[in-house]
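Visitor: here you go, sequence then predicted model.
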Amino acid sequence: MGSIDCMHWRWKNCPLRLKGLLSGRANKRTLILEAVASQDLWIWHAFFGTPGRCNDINVLDRSPLFTDVFEGRAPPINYVVNGHQYSMGYYLTDGIHLKWAAFIPTISLPQNEKEGLFAKLQKSRRKDMERAFGVLQARFAIISQPALARNTSMLGKIMIACIIIHNMIVEDERDTYLNYKDPSEYDQAVEQPSSSNRRNNGEPFQFHNGAERIANLDTYMSNRVRVRDEVMNRALKSDLVEHLWLKYGGNNREEGNNRE
């Protein structure tokens with residue numbers, strides 16, 4: 001489980017023929033980076049190059065974020081929340097994303113204390129993605145300033161190179177983070193690979209350009225339906241609300257006040 005969000009990179013030397021396509025926020029020409037990050041700032045997924053006029057849903061439609069899940073190559077995930085079993089990983093999102101099983105957005109208008117606590121904690125965890133973008137731009141001035149390159153291929157190489165170096169720094173410095181704590185309120189039983197498991201194991205590097213044919217169309221379509229299941233989205237969000245309330249609200253809050 002991680003947070004997903006988009007970052008706009010202004011393209012100063014954008015060709016005039018692309019001006020209308022790339023004009024997004026404040027009528028500035030930008031390219032979008034879609035990324036997923038965890039609390040330790042590790043960037044797990046990056047998709048760059050969508051025109052700036054697109055919103056988060058348009059970016060998602062082009063993104064390969066769920067390709068491995070759709071095609072059945074993603075590792076199995078099983079966890080329990082509020083006594084119910086789930087087998088679909090999820091990302092914390094803002095309100096614009098669709099109500100899929102793989103997305104858990106905040107509750108914009110909480111109706112009670114339970115929902116208010118959920119919205120507060122979800123918003124707190126969503127800041128991990130903002131911190132990751134902030135640290136990435138602070139480390140690499142080239143992506144914090146308007147881009148000067150004249151083609152998207154070069155811009156893509158610059159962005160991916162910065163993300164790779166960023167992750168190398170995170171992996172090297174992770175054990176020195178004094179304030180880092182492994183959170184368990186959202187991902188009780190979802191275990192993320194340790195840094196040692198992400199290191200090169202000596203196997204040759206393989207690159208897939210996405211042009212291969214789908215091995216099993218039935219598997220692809222069934223997994224696609226699972227990812228977009230709105231019923232599971234409502235059930236998981238409800239269980240997360242109850243789980244967070246049992247862990248941080250109600251009696252636990254009263255006991256904390258009594259200790260004070």
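Guide: That came in fine, so what should we check first?

Visitor: could you use CA atoms for every contact and neighbour count after this?
Guide: Fine.

Visitor: I'd say residue 132 and residue 37 touch.
Guide: Yes - using CA atoms under 8 Å, residue 132 makes contact with residue 37 at a distance of 6.8 Å.

Visitor: the nearest residue to residue 147 once chain neighbours are set aside: what's it in contact with?
Guide: Closest residue to residue 147 apart from its sequence neighbours, by CA to CA, 6 or more residues apart in numbering: residue 11 at 4.7 Å. With contact set as CA atoms under 8 Å, 6 or more residues apart in numbering, residue 11 has these partners: 29-31, 146-148.

Visitor: list buried residues within those.
Guide: 29-31, 147 (16 or more other CA atoms under 10 Å).

Visitor: now, which of those sits nearest residue 102?
Guide: residue 31 (25.0 Å; CA to CA).

Visitor: give the helix, strand or coil label for the closest one.
Guide: Of the three states, residue 31 takes strand under DSSP: H, G, I helix; E, B strand; the rest coil.

Visitor: before we move on, what about residue 107?
Guide: From three-state DSSP, the assignment for residue 107 is coil.

Visitor: for residue 106, phi and psi?
Guide: As for residue 106, its main-chain torsions (degrees, to the nearest 10) stand at phi -70, psi 170.

Visitor: I should have written residue 44 there, sorry.
Guide: Residue torsions, per degrees, to the nearest 10, at residue 44 are phi -90, psi -30.

Visitor: need the contacts of residue 11 in JSON lines (columns: pLDDT).
Guide: Shown next, in JSON lines, are the contacts of residue 11 (pLDDT from 0 to 100):
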{"residue": "29", "pLDDT": "92"}
{"residue": "30", "pLDDT": "94"}
{"residue": "31", "pLDDT": "95"}
{"residue": "146", "pLDDT": "95"}
{"residue": "147", "pLDDT": "95"}
{"residue": "148", "pLDDT": "92"}
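
Visitor: just the buried positions in stretch 89-106, please.
Guide: 89-94, 97-106.

Visitor: those residues in strands, which ones?
Guide: Within those, residues falling in strands by DSSP state E are 91-93, 103-105.

Visitor: and of the residues you listed, the nearest to residue 51?
Guide: Closest to residue 51, out of all of these and judged by CA to CA, is residue 93, at 20.5 Å.

Visitor: state the pLDDT value of the closest one.
Guide: The score at residue 93 is 91. That number is its pLDDT.
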